[in-house]
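Chemist: A structural model of the following input is requested.
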Amino acid sequence: MPIQPTYPGVYVQELPSGVHPITGVSTSVAAFMGNAKRGPINAATHIFSFADYAQKFGGLDANSQMSYAVSQFFLNGGSEAWIVRLALNAAAATLELKDGPNNTGNTVLTVTALDEGAEGGNIQVTVDDSTTDKTIVDSDGKKVFNLTISYLPDNQADSRIEVFKGLSMDTNSSRFAESVINDTSLLVKVSVARSNSIPKTPWPNGARGGSLSSGAFTQDKFKNLLDSTHNSLMIALDGKDASLVTLDTSNLPDPDKKDLPTLLNDLAARIQKAVRALNPTTQPWAGFTCQAKSGDNTLVLTSGTIGTSSSVAVSDAANHNVADKLLLDSGTTPKSGRDPSKLAGGTGDAFDLNNNPELLFPLNGNALDKVDLFNLMCLPGVTDAGTLNLAIAYCKSRRAFLIIDAPHPDSTPPGYTPDQMVSYMSGPYLPKGDFGTYAAIYYPWPQIPDPLNNNTMTSFPPSGLIAGLYAATDSSRGVWKAPAGTSATLLSVQGMDYTLTNAENGELNQLGVNCLRIFPIYGAVCWGSRTVSGADAIGSDYKYVPVRRTALFLEESLYRGLQWVVFEPNDEPLWAQIRLNVTSFMQDLFRKGAFQGQTPKDAYLVKCDSETTTQTDINNGIVNIIVGFAPLKPAEFVILQIEQLAGQIQT
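Modeler: Predicted coordinates for the structure are as follows:
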């Protein structure tokens with residue numbers, strides 16, 4: 001605000017510069033849509049690595065083309081993606097925990113998998129109270145229980161365990177089961193059966209635990225067990241071969257200065273930590289617990305394994321008897337024969353997205369509608385023309401670009417040979433006008449070792465690795481550089497479904513098909529950079545992928561960078577500010593080599609004045625800005641003209 005001078009002197013006032021820097025948006029955020037092993041359905045999930053994908057969607061899955069495409073995206077240079085898991089007739093697996101033995105009585109707690117799908121059947125639930133007499137109570141005297149949620153898929157490295165202790169069925173308790181689990185669990189949600197009184201706790205259904213003889217632990221024997229010559233135990237869990245467990249003896253408490261309950265707590269923690277360290281991700285080691293019972297100076301051990309007859313055998317490394325073999329109560333099995341601790345009923349298995357386009361674009365809106373920005377869309381394995389046309393139209397509305405997988409022998413229409421691809425591109429399958437400039441098609445399918453099938457060479461749709469190539473090229477050279485050429489190496493690709501000749505490549509290139517080739521020395525590379533409307537006969541302004549993507553980059557960046565203009569006074573001062581900011585943005589790109597031309601005048605133009613915005617426009621609240629650029633187009637054809645010179649006769 002203006003300064004009001006009141007005394008003689010110097011006044012300092014900061015004035016706005018009118019500069020609103022325009023920042024270029026990211027150009028290689030990919031969006032993948034398809035089926036997955038697990039994860040949220042019809043919701044966009046943001047990830048930054050394949051490890052993120054594995055954690056949230058279950059990693060590679062033989063029934064999911066999307067899982068392989070995401071893996072190849074990050075392997076080839078991708079760094080950011082949105083994942084939308086689609087499922088048909090999906091339902092979450094559930095488990096009803098009852099208050100009586102053999103899974104009888106009344107249902108008191110219902111456990112439901114967070115993610116729909118059959119994968120929820122790999123979630124198991126163990127109920128225990130960590131005692132042999134079931135008398136654990138909270139501070140108010142109400143009975144409490146422990147709940148262990150175990151996700152144990154075929155891939156053991158992806159397993160996880162969640163342990164919730166001291167849960168209460170009382171809605172007024174700070175450890176109310178619903179509040180504790182539903183706020184923190186990444187695997188399940190629970191629902192307590194509502195009744196006029198506080199429901200009973202669920203009946204224990206897992207390993208209860210066994211106790212080491214109290215005679216084994218006195219102050220003297222505690223010290224003997226943990227000294228440098230006796231600090232190793234042989235522990236066998238659930239009938240498996242015994243493993244040597246070495247306890248940490250650092251900072252060993254002085255038995256003469258500590259009471260036995262304190263010493264037992266210390267010993268229990270050391271034993272549990274050492275056993276779990278044997279294999280922290282798999283049962284029975286990951287679920288092993290050791291707790292001290294101060295009442296009778298014993299240690300309670302349990303393997304935590306669900307649905308098996310559990311046992312723990314302990315001796316010292318010299319096979320001196322620390323305790324006899326301990327049989328643990330593993331619970332009972334219901335009359336139906338089904339393990340009472342395992343969730344069941346989940347549905348939502350793999351399906352063919354080509355035959356269910358309504359999953360991509362339902363009437364209530366696409367899951368990507370809520371995503372602020374994505375630039376590339378991949379629908380791995382989708383070759384249905386109707387579905388692809390819907391996807392292209394959506395990409396145009398979002399200023400994004402669709403990467404299309406060429407038809408495969410099993411697709412409709414089929415595609416394998418160059419002749420079939422010529423028929424496909426000449427037919428009425430894909431749009432050839434303006435809409436066709438928002439997509440590019442790649443052929444043939446590459447062959448990549450499949451880690452789930454002993455690294456057998458397997459054909460995969462190319463969209464994921466091409467999206468990764470786009471990202472790598474954008475990062476190293478810029479969006480204006482064609483993602484093709486000898487530097488456009490396709491990592492992990494070791495073969496192609498069809499080996500193209502130069503003549504076949506030339507025929508397909510003229511129709512707008514981007515070919516994948518394998519060359520000596522260079523290996524597997526992308527050898528084309530045309531849009532679907534890039535056929536020579538069409539003559540589109542956006543014939544090339546980098547030209548269309550550069551235009552999309554400029555449009556999105558300027559759209560976001562000029563939001564401040566709205567509601568400003570529409571006159572020459574505003575127009576001058578617009579010219580200043582847009583010119584600064586375009587000049588920076590010119591210096592980076594984004595445009596043709598040796599001078600800025602040759603490379604771009606920015607116009608916003610009384611010629612672009614008339615008085616009628618001003619009256620209607622409109623300001624018109626014209627931004628032009630001279631795009632860089634890839635050098636597809638390098639022609640060498642060689643002339644033989646006749647020898648000159650010297651005179």
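
Chemist: In the chain, where's the longest helix?
Modeler: In the chain, assigned by DSSP state H, the helix with the most residues is helix 572-591.

Chemist: What mean pLDDT does it get?
Modeler: Helix 572-591 shows an average pLDDT of 94 in the prediction.

Chemist: and it, how far out from the chain's middle?
Modeler: Between the centre of helix 572-591 and the centre of its host chain there is 38 Å, according to CA atoms, centre = their mean, to the nearest Å.

Chemist: for it, which positions count as buried?
Modeler: Of all the residues in helix 572-591, those buried under the rule 16 or more other CB atoms under 10 Å are Leu574, Trp575, Gln577, Ile578, Leu580, Asn581, Val582, Thr583, Phe585, Met586, Leu589, Phe590. Bear in mind the C-beta positions are built from the backbone N, C-alpha and C, glycine included.

Chemist: what helices or strands is it leaning on?
Modeler: In this structure, helix 572-591 packs against helix 545-561, helix 600-603, strand 604-607, strand 626-629, with contacts taken as 3 or more CB pairs under 8 Å, 6 or more residues apart in numbering; DSSP states H and E.

Chemist: longest single strand anywhere in this protein?
Modeler: Assignment by DSSP state E gives strand 104-113 as the longest strand of the chain.

Chemist: quick one, the next helix-or-strand element following that strand and strand 104-113 angle?
Modeler: Helices and strands here follow DSSP states H and E; after strand 104-113, the next one along the chain is strand 123-128. With axes from the mean of the first three to the mean of the last three CA atoms, to 10 degrees as the criterion, the two stretches strand 123-128 and strand 104-113 enclose an angle of 130 degrees.

Chemist: next SSE after strand 123-128?
Modeler: Sequence-wise, the next helix or strand beyond strand 123-128 is strand 145-151, with elements assigned using DSSP H and E.

Chemist: report the angle between the axes of that following strand and strand 104-113?
Modeler: Taking the same axes, to 10 degrees, one finds strand 145-151 and strand 104-113 inclined to each other by 50 degrees.

Chemist: Extract the C-alpha trace of strand 145-151 and format it as PDB.
Modeler: Output in PDB follows, covering the C-alpha atoms of strand 145-151 (Å, rounded to 0.1, in the frame of the first residue of the first chain):
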ATOM      1  CA  PHE A 145      -7.000 -60.200  23.700                       C
ATOM      2  CA  ASN A 146      -4.200 -60.100  21.000                       C
ATOM      3  CA  LEU A 147      -4.800 -60.200  17.300                       C
ATOM      4  CA  THR A 148      -2.100 -61.100  14.700                       C
ATOM      5  CA  ILE A 149      -2.800 -60.400  11.000                       C
ATOM      6  CA  SER A 150      -0.500 -62.300   8.700                       C
ATOM      7  CA  TYR A 151      -0.300 -61.900   4.900                       C
END
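
Chemist: partners of whatever helix or strand comes next after it, with directions?
Modeler: On the C-terminal side of strand 145-151, the nearest following helix or strand under DSSP H and E is strand 160-167. Here the strand partners of strand 160-167, with direction, are listed using DSSP bridges: strand 145-151 (antiparallel).

Chemist: how distant is the strand it pairs with from the center of its chain?
Modeler: 26 Å.

Chemist: Identify all contacting residues around it.
Modeler: Applying CB atoms under 8 Å, 6 or more residues apart in numbering, the external contacts of strand 145-151 come out as 111, 122-130, 136, 158-167, 177, 181, 185, 187-188, 201-202, 204, 206, 283, 287, 304, 306.

Chemist: Averaged pLDDT, it. What do you get?
Modeler: What strand 145-151 shows for mean pLDDT is 86.

Chemist: For the nearest residue to Gly468 once chain neighbours are set aside, list the residues it contacts.
Modeler: Counting by CB to CB, 6 or more residues apart in numbering, Gly468 lies nearest to Asn76, which is 2.9 Å off, once chain neighbours are set aside. For Asn76, the set of contacting residues under the criterion of CB under 8 Å, 6+ apart consists of Gly464, Leu465, Ala467, Gly468, Leu469, Ala471, Ala472, Leu490, Leu491, Ser492.

Chemist: if I look at Asn76, how far off is Leu500?
Modeler: Applying CB to CB, to the nearest Å, the value for Asn76 to Leu500 is 20 Å.

Chemist: likewise Pro631?
Modeler: For Pro631, the distance to Leu500 under the criterion CB to CB works out to 28 Å.

Chemist: And for Ala274?
Modeler: With the distance defined as CB to CB, Ala274 ends up 59 Å from Leu500.

Chemist: how about the helices in the stretch 151-300 of the chain?
Modeler: When assigned using DSSP state H, counting those that start in this stretch, the helices of the stretch 151-300 of the chain occupy the ranges 177-184, 219-226, 260-276.

Chemist: Just say which of those helices is most tucked in.
Modeler: For these, ranked by mean neighbour count under the definition mean count of other CB atoms under 10 Å, the leader is helix 260-276 at a mean of 18.

Chemist: So for Ala439, which of the helices of the stretch 151-300 of the chain sits nearest?
Modeler: helix 177-184 (42.6 Å; CB to CB).

Chemist: model confidence over the closest one, on average?
Modeler: Along helix 177-184, the predicted local confidence has a mean pLDDT of 93.

Chemist: Also stretch 120-131?
Modeler: Mean pLDDT, taken over the full extent of stretch 120-131, equals 77.

Chemist: Can you give me the buried ones in that stretch?
Modeler: By neighbour count, with 16+ other CB under 10 Å as the criterion, the buried positions of stretch 120-131 are Gly120, Gly121, Asn122, Ile123, Gln124, Val125, Thr126, Val127, Asp128, Asp129, Ser130.

Chemist: Then stretch 244-256?
Modeler: The neighbour-count criterion (16+ other CB under 10 Å) identifies Val245, Leu247, Leu252, Pro255 as the buried residues of stretch 244-256.

Chemist: Likewise for stretch 373-389?
Modeler: Within stretch 373-389, judged by 16+ other CB under 10 Å, the buried ones are 373-385, 387-389.

Chemist: again with stretch 82-93
Modeler: Result for stretch 82-93 [16+ other CB under 10 Å]: buried residues Trp82, Ile83, Val84, Arg85, Leu86, Ala87, Leu88, Ala90, Ala91, Ala92, Ala93.

Chemist: I'd like the next helix or strand past the helix or strand of the chain with the lowest mean pLDDT.
Modeler: For the chain, the helix or strand with the lowest mean confidence is strand 326-327, at a mean of 34 (criterion: mean pLDDT, DSSP states H and E). Scanning forward in sequence from strand 326-327 by DSSP H and E, the next helix or strand is strand 376-378.

Chemist: now the longest helix of the chain and helix 545-561, what's the angle there?
Modeler: Orientation note: helix 572-591 sits at an angle of 150 degrees relative to helix 545-561 (the same axes, to 10 degrees).

Chemist: outside of helix 572-591, which residues touch it?
Modeler: Contacting residues not belonging to helix 572-591 are listed as 18-22, 24, 557-558, 561-562, 565, 568, 595, 597, 600, 603-604, 606-610, 613, 623, 625, 627, 629 [CB under 8 Å, 6+ apart].

Chemist: Would you mind splitting this structure into its domains for me?
Modeler: What the record gives for the chain is the domain set 1-22+573-651, 30-86+351-547, 94-192, 211-325, from automatic domain parsing.
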